[in-house]
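Novice: the sequence isn't on hand, but the structure is:
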C-alpha cells in the first residue's frame, strides 16, 4: 500500500470540507512548494462591467474569481506575498499534521463561504467597490491552538 503524503491528505480534506468553491493543488517539486488554488463563481445577471486588479474588464454572465495559498519550505525563497491569499512556510522534513491539514481545509471553507457572500454583494450592491477574500492569520492560529495531537504526514518525494 502506498504511504500517504501531505498532498494526498490535503486533497482528501479539501474534497471533504470545501463546499463553496472549486480547487486544485499545483505542486512545484523542484522548488519544494505547492499551491492550493480556489475558484468562486457568481452570476453577473446584469452583465455589469467588472475590472480585475490587472485592468481586464469583463461583462461575462458568470464571474470567476481565483485566488491561491502558497506552501513553501525554503525561508530564503523570494515570494511576492501580495499574489496570494496567504503564504504558509512549513518544514519539508517534518511535513504537516493531518489535524493541521483538516483545520486548514475547514478554515479555508469558512473564508470561501464568506467570500461567496461578499462576491454576491459586490455584484449586486453598487456601494461595494472591491472584492477580495479575507484570510485572518490570527483567527487561523487561534483555531490551530485547539489541536491537541498531531499525526504528521511527510512531504512527497519525487
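Specialist: Received it, and whenever you're ready, just let me know what you need. Quantities reported herein were computed from a predicted structural model and do not represent experimental measurements.

Novice: what's downstream of the helix ranked longest in the chain, the next helix or strand?
Specialist: Counting residues, the longest helix in the chain under DSSP state H turns out to be helix 98-124. Once the chain leaves helix 98-124, the next helix or strand it forms, by DSSP states H and E, is helix 137-144.

Novice: and that following helix with helix 98-124, angle?
Specialist: Taking axes from the mean of the first three to the mean of the last three Cα atoms, to 10 degrees, one finds that helix 137-144 is oriented at 140 degrees with respect to helix 98-124.

Novice: so who does residue 89 touch?
Specialist: Contacts for residue 89 were tallied using Cβ atoms under 8 Å, 6 or more residues apart in numbering; they are 71, 72, 73, 75. No exception for glycine: its C-beta is placed from N, CA and C like everyone else's.

Novice: and the longest helix of the chain, how far from the chain's centre?
Specialist: The chain centre lies 8 Å from the centre of helix 98-124; the measure is Cα atoms, centre = their mean, to the nearest Å.

Novice: low-scoring pLDDT stretches of the chain, where are they?
Specialist: Within the chain, the ranges that satisfy pLDDT under 70 run 1-2, 45-60, 158.

Novice: at 80 what do you get?
Specialist: 1-2, 20, 43-63, 158 (pLDDT under 80).

Novice: surely residue 18 and residue 107 touch.
Specialist: No: proximity of residue 18 to residue 107 does not meet the contact threshold set by Cβ atoms under 8 Å, at 11.0 Å.

Novice: identify the bridge partners of residue 26.
Specialist: For residue 26, the beta-bridge partners under DSSP bridges are residue 35.

Novice: residues in contact with it?
Specialist: With contacts taken as Cβ under 8 Å, 6+ apart, residue 26 has the following neighbours: 34, 35, 37, 68.

Novice: make CSV out of those residues and add neighbour count.
Specialist: Listed next are the contacts of residue 26 as CSV, based on neighbours: other Cβ atoms under 10 Å:
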residue, neighbour count
34, 21
35, 18
37, 18
68, 17
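
Novice: closest one of the residues you listed to residue 129?
Specialist: Using Cβ to Cβ, the shortest approach to residue 129 within the contacts of residue 26 belongs to residue 68, at 23.1 Å.

Novice: contacting residues for the closest one?
Specialist: If a contact means Cβ under 8 Å, 6+ apart, then residue 68 has 26, 35, 36, 37, 38, 83, 84, 85 as its contacts.

Novice: for the helix or strand containing it, buried residues please.
Specialist: Assigning secondary structure by DSSP H and E places residue 68 in strand 62-72. The neighbour-count check on strand 62-72 (16 or more other Cβ atoms under 10 Å) flags 63, 65, 67, 68, 69, 70, 71, 72 as buried.
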